[in-house]
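Engineer: Coordinates only, no sequence provided:
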């Protein structure tokens, strides 16, 4: 009897654990809840009170992007919160409250905003000096930390009032961040150690009166986003091109959620179609395609061509970046038309490389038109590690690719380009293998359709 009761208890515990596990998996995937390629990424919001007034304080608010490869693009961030003590914003510099709210109770001086839940937006770079503050006015655009740390933050100042002497000065509540769309969750704003700064060449430390901080993290699940990019693959040793998976970013179906698309032979004009996103009709229906082509191999190096194509007829992608996870990046990398840096990895051995455009050359991925796709491309020369390099089993192809911080849809491994029959199982003499490679390269590269 006792044994049976113990068995029932164990069975009940196992079932409960299984239900909990299933619930966690169903509501939270790895890419939604934890990004192994950027585990410490976040956007930090800091409120520094550096001056007291008769009815409140003056605060400097800083928004700092610590994401390695996720940037905030146009039309930029907007930051919101709820006041806890009926505060008002008397004045602002470097940013503005979108709504002024009801200020009829103030007879002699009208505040900048009387909203109990103000929403703040950044000013444009061309803003006049009278409305500016230090490190302000980037149009809401924040660069990724690994690409341009000097432009990865923005600040503004605000004079907060309507607090009497007996009021408790409390941090704002329910912080929200749109950057520019949804997807960010912010932890409560909490008081921390006051921010310090240096004077007299670093010999003297001064600090603000009070500092409040919060962190906001991104989830593609909360953003409810469809994929925005897909990956296609090709190699010099196989004439078959592995295209993007079908319906990677949606299907060509009539419905409220379908993205308008234009066929190449369509008589419709772009001006006739209203909408922010109009893409070229394809099987994958993605605004962006990343193509990885293994171009050549040499005795000590191998070469890849990376092409990013914009199928969106209505949007330029400014300050774009592409993140690639690949074991071959453990060796030296040379790029010819992109910037490149390696990012630290956590929990896996494959290296991660971040690519982005050259300033004033190809840092903007232009929109398509009826004649051609907008695209940027580079060749990548990688050193060989002869102990690990192989063309079999898809080793030369990427494991994961992100565009602008969003993960791209990869083809299934069983569709990857493979070596000709027998090449993976028979080891040819080294010189004969190189000769075959040269022949394949000269014959096949001219027939592939990716401008190789």
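Structural biologist: Yep, it's here. Note that the structure is a prediction, hence the values are computed from the model and not measured.
Engineer: For residue 243, see how far away the spatially closest residue to residue 238 that is not a sequence neighbour is.
Structural biologist: Sequence neighbours aside, residue 417 is the residue nearest to residue 238 in space, at 3.9 Å (criterion: CB to CB, 6 or more residues apart in numbering). C-beta here means a position set from N, CA and C on the backbone, and glycine is covered the same way. For residue 417, the distance to residue 243 (CB to CB, to the nearest Å) stands at 11 Å.
Engineer: go on, residue 172?
Structural biologist: Residue 172 is 49 Å from residue 243, by CB to CB.
Engineer: Same check on residue 151?
Structural biologist: Relative to residue 243, and taking CB to CB, residue 151 is found at 36 Å.
Engineer: got it, and residue 334?
Structural biologist: 28 Å.
Engineer: ok, those two, which is more surrounded?
Structural biologist: Ranked by neighbour count (other CB atoms under 10 Å), residue 334 and residue 243 place residue 243 first, with 19 against 12.
Engineer: okay but the more buried one is in contact with residue 409, surely?
Structural biologist: No. Counting by CB atoms under 8 Å, residue 243 does not reach residue 409; the two are 11.2 Å apart.
Engineer: quick one: common contacting residues for these two?
Structural biologist: Residues touching both residue 243 and residue 409 (CB atoms under 8 Å, 6 or more residues apart in numbering) are residue 284.
Engineer: Just the pLDDT for residue 196.
Structural biologist: Per-residue confidence (pLDDT) for residue 196: 94.
Engineer: Run through the strands of the stretch 351-452 of the chain in chain order.
Structural biologist: For the stretch 351-452 of the chain, strands defined by DSSP state E, counting those that start in this stretch occupy the ranges 351-357, 364-365, 374-383, 400-403, 406-407.
Engineer: Out of those strands, which gets nearest to residue 212?
Structural biologist: Comparing these against residue 212 with CB to CB, the closest turns out to be strand 406-407 (30.8 Å).
Engineer: partner strands of that closest one, parallel or antiparallel?
Structural biologist: Taking DSSP bridges as the criterion, strand 406-407 sits next to strand 400-403 (antiparallel) in its sheet.
Engineer: Need the mean per-residue confidence for the strand it pairs with.
Structural biologist: On average, strand 400-403 scores 96.
Engineer: same question, stretch 383-397
Structural biologist: 93.
Engineer: Just checking: what are the partner strands of the host helix or strand of residue 156?
Structural biologist: Element membership of residue 156, judged by DSSP states H and E, is strand 153-161. Its sheet considered, strand 153-161 pairs with strand 56-65 (antiparallel), strand 88-93 (antiparallel) by DSSP bridges.
Engineer: Same list (those strands) but as TSV, adding distance to residue 280, mean neighbour count and mean pLDDT.
Structural biologist: Formatted as TSV, those follow (distance: least, CB to CB, whole Å; neighbours: other CB atoms under 10 Å; pLDDT from 0 to 100):
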stretch	distance to residue 280	mean neighbour count	mean pLDDT
strand 56-65	32	21	97
strand 88-93	43	21	97
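Engineer: okay if I get those strands as a markdown table plus distance to residue 75?
Structural biologist: As requested, the strands paired with strand 153-161 are arranged in a markdown table below (distance: least, CB to CB, whole Å):
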| stretch | distance to residue 75 |
| --- | --- |
| strand 56-65 | 15 |
| strand 88-93 | 19 |
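Engineer: Of those strands, which is nearest residue 404?
Structural biologist: strand 56-65 (13.3 Å).
Engineer: I'd like the average pLDDT over the following helix or strand past the closest one.
Structural biologist: Downstream of strand 56-65, the next assigned helix or strand under DSSP H and E is strand 78-82. Per-residue pLDDT over strand 78-82 has a mean of 98.
Engineer: Quick check: neighbours of strand 78-82 in the sheet, parallel or antiparallel?
Structural biologist: Applying DSSP bridges, strand 78-82 is found paired with strand 119-122 (antiparallel), strand 173-178 (antiparallel).
Engineer: Of these, which stretch is the most buried?
Structural biologist: Among the strands paired with strand 78-82, strand 119-122 has the highest mean neighbour count (mean count of other CB atoms under 10 Å), at a mean of 20.
Engineer: outside of that one, which residues touch it?
Structural biologist: With CB under 8 Å, 6+ apart as the criterion, strand 119-122 contacts 61, 76-80, 92, 94-99, 136-140, 154, 156.
Engineer: the strands in the stretch 101-250 of the chain, which residues?
Structural biologist: Using DSSP E, counting those that start in this stretch, strands in the stretch 101-250 of the chain cover 119-122, 153-161, 173-178, 184-186, 190-192, 196-199, 204-207, 210-218, 229-235, 238-242.
Engineer: Give me whichever of these is most buried.
Structural biologist: Of those, strand 229-235 is the most buried (mean count of other CB under 10 Å), at a mean of 25.
Engineer: Run through the neighbouring helices and strands of that strand.
Structural biologist: Contacting strand 229-235 under the criterion 3 or more CB pairs under 8 Å, 6 or more residues apart in numbering; DSSP states H and E are the following elements: strand 238-242, strand 288-297, strand 400-403.
Engineer: Now the element after the second one, going C-ward?
Structural biologist: Which is strand 288-297. strand 301-310.
Engineer: what angle sits between that following strand and strand 229-235?
Structural biologist: On the basis of axes from the mean of the first three to the mean of the last three CA atoms, to 10 degrees, strand 301-310 is oriented at 140 degrees to strand 229-235.
Engineer: Pull out the buried positions in strand 301-310.
Structural biologist: By 16 or more other CB atoms under 10 Å, the buried positions in strand 301-310 come out as 302-310.
Engineer: Next, format the residues you listed as a markdown table and append pLDDT and distance to residue 209.
Structural biologist: Formatted as a markdown table, the buried residues of strand 301-310 follow (pLDDT from 0 to 100; distance: CB to CB, whole Å):
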| residue | pLDDT | distance to residue 209 |
| --- | --- | --- |
| 302 | 97 | 58 |
| 303 | 97 | 58 |
| 304 | 98 | 54 |
| 305 | 98 | 56 |
| 306 | 98 | 50 |
| 307 | 98 | 53 |
| 308 | 98 | 48 |
| 309 | 97 | 52 |
| 310 | 96 | 49 |
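Engineer: quick one: which of the residues you listed is nearest to residue 387?
Structural biologist: Closest to residue 387, out of all of the buried residues of strand 301-310 and judged by CB to CB, is residue 302, at 14.4 Å.
Engineer: Surely the closest one is in contact with residue 380?
Structural biologist: No. The criterion here is CB under 8 Å, and residue 302 misses it with residue 380 at 9.2 Å.
Engineer: okay, and the common contacts of those two?
Structural biologist: Counting by CB under 8 Å, 6+ apart, residue 302 and residue 380 have no contacts in common.
Engineer: in the stretch 351-452 of the chain, which spans are helices?
Structural biologist: Taking DSSP state H, counting those that start in this stretch as the criterion, the stretch 351-452 of the chain carries its helices at 430-444.
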